[in-house]
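Student: from the sequence below, what's the structure:
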Amino acid sequence: MNTESSDFGTVGTDYASYSEGGRGRLRHEIVARRVLEELGDKPARVLDVGCGDGEMVLRLAAAGHHITGAEVSSDMLKRAEEKLAAAGLAEDVRLVEADIYDLPFDGEVFDAVCCHGVVMYLPDSAEPIANLARLVAPGGILSVLTKNTLAVGVREALRGQYDTALAQIETTQAASMGNLGIITRGDAPYRLNQLASDNGLVPLPWQGVRIFHDHLGNDWRPEEDVFQKALATEWAASIQSPYRELGRLVHAVARREATA
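Tutor: Purely as a prediction, here's the structure:
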């Protein structure tokens, strides 16, 4: 989770609580499943930019992939180190303190470059996505998760915050308060696809993430059987229109064509 102006180490505890709740778990499980499906069974080189406290790093490393996590917040990196150590995966992951605008990976490419929940905190997505795309190997993928501008006002309307919802809908307002109490900016899926194309990648079907459960609070912590049913429903809808357009988040995936 990185940004040029905010220290996300200050919200580390809130983010950890979010990740442990039903809403956070839905996000992480859906995105990880898609990335793992695209990677296949062969161990892959994966870079997670803005890796935060290691939620995605942990999932991908546990699946046997070779992971590098980059994060601007030293506090978040410490949390990631602790989480990986507790899972017995510390020696399998490289963690680097780095900013998305100055990534220290010259000469390296990766089979997957992930950037989840980052660009929505930045002024624009064009430069960050260009920086990420340069690191995608032939045949590799770029995975970007950010706020979906097609669904502005949906969360607020379902929560009964009608004045806020109406203002967002009438103005197609792209900026609003995010889950961690920080203003977020969104992108439409077609813009993310265009940015991928501009950088030599071929867009793949995008997903809407957290379609039916985004309006629930972080205290939504369902029993496991209920969570699995919610996850199955969200996963099925995530790739289908018109459902996916209503997801709070958009997961855009693109691939660099393999060389002959």
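Student: stretch 199-215 - what's its average pLDDT?
Tutor: Averaged over stretch 199-215, pLDDT sits at 98.
Student: go on, stretch 65-76?
Tutor: The average of the pLDDT scores along stretch 65-76 is 96.
Student: kindly check the end-to-end length of it for me.
Tutor: Across stretch 65-76, the terminal residues are separated by 21 Å (C-alpha to C-alpha, to the nearest Å).
Student: in it, what's buried?
Tutor: Neighbour-count burial for stretch 65-76, with 16 or more other C-beta atoms under 10 Å as criterion, is recorded at 65-73, 76. Every residue, glycine included, has its C-beta placed from N, CA and C.
Student: could you do stretch 92-102 as well?
Tutor: So for stretch 92-102, counting by 16+ other C-beta under 10 Å, buried means 93, 95, 98-100.
Student: just these: which are in strands?
Tutor: Those of those mapping onto strands are 93, 95, per DSSP state E.
Student: quick one on the thing from earlier: tell me which of the buried residues of stretch 65-76 fall in helices.
Tutor: Residues of those located in helices (DSSP state H): Met76.
Student: max-length strand in the chain?
Tutor: strand 136-148.
Student: still on that earlier bit, would you turn the buried residues of stretch 65-76 into JSON lines with distance to Ile30?
Tutor: Below are these laid out as JSON lines (distance: C-beta to C-beta, whole Å):
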{"residue": "His65", "distance to Ile30": "18"}
{"residue": "His66", "distance to Ile30": "23"}
{"residue": "Ile67", "distance to Ile30": "19"}
{"residue": "Thr68", "distance to Ile30": "23"}
{"residue": "Gly69", "distance to Ile30": "20"}
{"residue": "Ala70", "distance to Ile30": "22"}
{"residue": "Glu71", "distance to Ile30": "22"}
{"residue": "Val72", "distance to Ile30": "25"}
{"residue": "Ser73", "distance to Ile30": "24"}
{"residue": "Met76", "distance to Ile30": "22"}
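Student: and which of the buried residues of stretch 65-76 is nearest Leu195?
Tutor: Ala70 (19.6 Å; C-beta to C-beta).
Student: skipping adjacent residues, who's closest to the closest one in space?
Tutor: Ala98 (4.3 Å; C-beta to C-beta, 6 or more residues apart in numbering).
Student: list the contacts of that neighbour.
Tutor: 49, 70-72, 104 (C-beta atoms under 8 Å, 6 or more residues apart in numbering).
Student: thinking again about what came up before, ok, so of the buried residues of stretch 65-76, who is nearest Gln194?
Tutor: For the buried residues of stretch 65-76, the nearest to Gln194 is Ala70 (24.9 Å; C-beta to C-beta).
Student: bridged to the closest one, which residues?
Tutor: Using DSSP bridges, the beta-bridge partners of Ala70 come out as Val49, Val96.
Student: quick check: it vs Leu60, distance?
Tutor: 14 Å (C-beta to C-beta, to the nearest Å).
Student: mutual contacts of these two, please.
Tutor: Contacts common to Ala70 and Leu60, judged by C-beta under 8 Å, 6+ apart, are Asp48.
Student: show me what the helix or strand where Tyr190 lies is packed up against.
Tutor: Using DSSP states H and E, Tyr190 sits in helix 189-198. Judged by 3 or more C-beta pairs under 8 Å, 6 or more residues apart in numbering; DSSP states H and E, the packing partners of helix 189-198 are helix 126-133, strand 136-148, strand 202-203, strand 249-255.
Student: next, the angle from that helix to helix 126-133.
Tutor: 50 degrees (axes from the mean of the first three to the mean of the last three C-alpha atoms, to 10 degrees).
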